[in-house]
Structures are given as structure tokens and as C-alpha cells.
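>>> from the sequence below, what's the structure:
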Amino acid sequence: MQLDIEWVRAQFPAFSVPALADRSFFENAGGSYTCGPVIDRLKRFYRKRKVQPYGPYRASRLGGEEMDEARTRLAAMLGVATDELSFGPSTSQNTYVLAQAFRQAMRPGEAIIVTDQDHEANFGPWRRLEAEGAEIREWKIDPETGHLDPAALDALLDDKVRLVCFPHCSNVVGEVNDVAAICARVHDAGALACVDGVSYAPHGLPDVGALGADIYLFSAYKTFGPHQGCMVIRRELGMSLPNQGHYFNADTLYQRFTPAGPDHAQVAACAGMADYLDALHAFHFRPEPDPRKRAIRVHDLARAHETALLQPLLDFLSARNNLRLLGPNQAAGRAPTVAIECDRSGASLAAELAPHGIMAGGGDFYAGRPLRAMGIDPDKGVLRLSFVHYTSQHDIDHLIRALDHVL
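Down below sits the predicted model:
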């Protein structure tokens, strides 16, 4: 089955905006276009449900039901229990709250392993715990390739390690890490696995249940939804950590790590992400009653489309001797998040591409540590070209022509 790109793009109102019609969008890793069902649900909530939810009157009851619907349907697609999914203002905030819970729970002498492949959201809060007495160990990338070698993790694991934090894929390297295999190594050592999925989830919701992650985090606003952070925390772990929410919410897993009240409208609008993914499945496949299986099919469909578009771009960049391509040059092993370094700054390259109708980004993308580890000055930064399944062959051709001109 091939992705029907015309049908897909018709589900995203941005493609009908005249100011965007002749532009190709390649900064999706910073935030994707929002799908129509999310926008529709958000508008409906503000117009018809903008009251305190879970009350006895109709508008309140419906508002609460829509919030619950978002959690129920997305959790089912992720292969986890409904109460194991919670929403917060951002992934950075969710990670910070989690780090505070671990700070309170960790015993003296326990260690946390982080990588230098992550961006700041997933390792900044954990590294700060060093000031609170935690031992921080760094799982280092290969300085030439950016590869995170699972075998190198073994030397860091011992009975002192409580938690291992690593990305599903880096937002500048792009290589997809073998999460299931890494989680198995971590669990064999008696530790827990926290996976930053921010740069992977936009390319297909993962089957978190099958991956084995104890914690999995991603951003709805990069996954065609509203500005929310989505966090899976498995029940046994979540109920064992100190409650970070209101004391009267301590018995409700999805409220234990949300200190502030939820953004009712945006949580409810997250159900639009499920609407879109289900519609994508219904258009391309025969009916399937299991939401987890539907999500897997859509994941594979999107990844196949992205991989086919990505390889020509990687071939073009690999053939040039005036730039450095970060990460693998084979599309099958990476996400379509492509960073390059050359003699000009990333920001200046992005600015040169803009008049050619290419919307891309330049900078360090909160990934100063991996850039420095690969010998790149974060102040100079890189040009990042990132796309998702709604990107077309025309967009890729447009990008390659523009790159050939400016490079």
C-alpha cells in the first residue's frame, strides 16, 4: 500500500493557505502542521465546552468526556493502559517533573545514565540531579558518526544505576536507536528506561508496550496536534514514585505528575490526533477493530513513504564534498531529520534557502552537547532539514534544486 499524498495533504489546512502554497516546509522537527480534526476539536471546545469539566451539566460533562477520549484513544494506539498516559504543557516540563520525583526517591550513591546524543529537554533535568547527590554517567556517541553504540552501555551499567535516559532518535543525528534492545539491556541490569521520543513519534506513533520503555515522552505539537507534552509512565513505576500533583490526586496515575491544572481545551483537542490517524487508516486499509494494530499499520505506511523520499536527499548530500552530513546516509536506519554542516552557519544557510521557497531552520536546536561531541561549534550550528509523511516528492525535488543553488 502506498500513501495517498493528495488525500493526506487535504487533511492539513496549512496546505490551503495562499502564503504557504508555494513553499516547502522542512522544519517539522521544530513543530509540524496541525491536522484539521485537532483544529476542529479545539475550536469546538472553546466555543461550546469552555467551562470547568466533569460537572453535572451538559457542557461540563461533554468537556470532560472529550478529555478522557483523548487519553483513552491515544493510549490504546500506543499499546499502554489508559491511565499510563498523561498530558502536560511540554515534554521539557514533563521531564522536569519526573526528575523531581526521582530526586525524592533516589537513595545516596545511586546513578543515572544519560547520553550526549539527546537534546536538552531529556538530559538537562537529569543532569541537574548531580547537585542533589546523584551520580551522573554519560553514554557517549561516536564523535565521527554520532552513533550511540548499545555495546558501550554495558560498561556503564551496574547495580548502582537506577535509570537510563536516551533518545529514540536524536534531533540532529537522526539515527533510530534500537529502543527495544536497549530497554532489554537496561532491565537485565535491574534499571529503568526513560525514552525521549520527541524526534521519533511524528514519523509514526510507536508501540510503547512492545518497546518496553518504562517512560516514553513525546510532543503533541510535533505530532500534528496542539501544544502539549505526552508522557507514558508504566503503572508500577508511576505509583511507586512520590506524587508531584495535588495530594487529593495521589491515587490517580495520570494526575500524579501534573502539578498544574491541565489545559482542558488542548487535552481534549489531542483526540483529533486519533481522529486523523484513524481516518488515515480507514482511507488506506480495510477495517481493523484493534486501535493498536491500526496505529502500527499507519506507522509503517508513513515510514515507508518518508524513507522513499529521504534516500534521494541523502544521496545528493553525500555526493558533495563541501558539507558534512550528520548521521547515517541510508534512509532505512534513520528518521527524515537531516542536519548538515558546511563553511557557513546553519542560520545563514536557512536564510539563503528562504527566498527559494524553502522553510528550514538553522542553529543548535537545543542539541549543543551532541554537536560539540561531534566537533561542531553550536554557535555556528547546522542547517536542519526535517520532514514528515505529508511531504511530497515535489517538495524534495524543490529542496534539492534550492540546495544545489545555495551550496
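
>>> can you map out the strands along the stretch 101-250 of the chain?
111-115, 135-139, 161-167, 192-196, 215-219, 229-233 (DSSP state E, counting those that start in this stretch).

>>> alpha carbons of stretch 142-159, as PDB, please.
Once non-C-alpha atoms are left out, stretch 142-159 reads as follows in PDB (Å, rounded to 0.1, in the frame of the first residue of the first chain):
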ATOM      1  CA  ASP A 142      30.900   8.200  18.300                       C
ATOM      2  CA  PRO A 143      32.400  11.700  17.500                       C
ATOM      3  CA  GLU A 144      32.500  11.000  13.800                       C
ATOM      4  CA  THR A 145      29.200   9.400  13.100                       C
ATOM      5  CA  GLY A 146      27.000  10.400  16.100                       C
ATOM      6  CA  HIS A 147      26.100   6.700  16.600                       C
ATOM      7  CA  LEU A 148      25.100   5.600  20.100                       C
ATOM      8  CA  ASP A 149      26.600   2.100  20.500                       C
ATOM      9  CA  PRO A 150      24.500  -0.200  22.700                       C
ATOM     10  CA  ALA A 151      27.600  -2.200  23.500                       C
ATOM     11  CA  ALA A 152      29.200   0.800  25.100                       C
ATOM     12  CA  LEU A 153      26.300   0.900  27.600                       C
ATOM     13  CA  ASP A 154      27.300  -2.300  29.200                       C
ATOM     14  CA  ALA A 155      30.400  -0.800  30.800                       C
ATOM     15  CA  LEU A 156      28.300   1.900  32.500                       C
ATOM     16  CA  LEU A 157      25.600  -0.500  33.900                       C
ATOM     17  CA  ASP A 158      26.000  -1.900  37.400                       C
ATOM     18  CA  ASP A 159      23.800  -2.300  40.500                       C
END
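
>>> quick check: mean pLDDT across it?
For stretch 142-159, the mean per-residue pLDDT is 96.

>>> repeat that for stretch 386-404.
Stretch 386-404 carries an average pLDDT of 98.

>>> check the offset of that stretch from the chain's centre.
Relative to the chain's own centre, stretch 386-404 is displaced by 21 Å; criterion: CA atoms, centre = their mean, to the nearest Å.

>>> let's have the strands of the stretch 101-250 of the chain in TSV, adding mean neighbour count and distance to A181.
Heads up, the C-betas are built off the backbone N, CA and C, glycines and all. Below are the strands of the stretch 101-250 of the chain laid out as TSV (neighbours: other CB atoms under 10 Å; distance: least, CB to CB, whole Å):
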stretch	mean neighbour count	distance to A181
strand 111-115	23	15
strand 135-139	17	14
strand 161-167	24	12
strand 192-196	25	11
strand 215-219	26	15
strand 229-233	26	19
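
>>> T82: which of those strands is closest?
When those are ranked by distance to T82, counting by CB to CB, first place goes to strand 229-233 at 10.9 Å.

>>> which elements pack onto the helix or strand hosting L383?
Taking DSSP states H and E as the criterion, the element that holds L383 is strand 382-386. Counting contacts by 3 or more CB pairs under 8 Å, 6 or more residues apart in numbering; DSSP states H and E, strand 382-386 is packed against strand 337-341, helix 346-353, strand 361-363.

>>> tell me what angle it forms with helix 346-353.
For strand 382-386 and helix 346-353, the angle between their directions (axes from the mean of the first three to the mean of the last three CA atoms, to 10 degrees) works out to 60 degrees.

>>> nearest residue to I376 other than its sequence neighbours?
In this structure, I376 finds its nearest non-sequential neighbour in E341, 5.5 Å apart by CB to CB, 6 or more residues apart in numbering.
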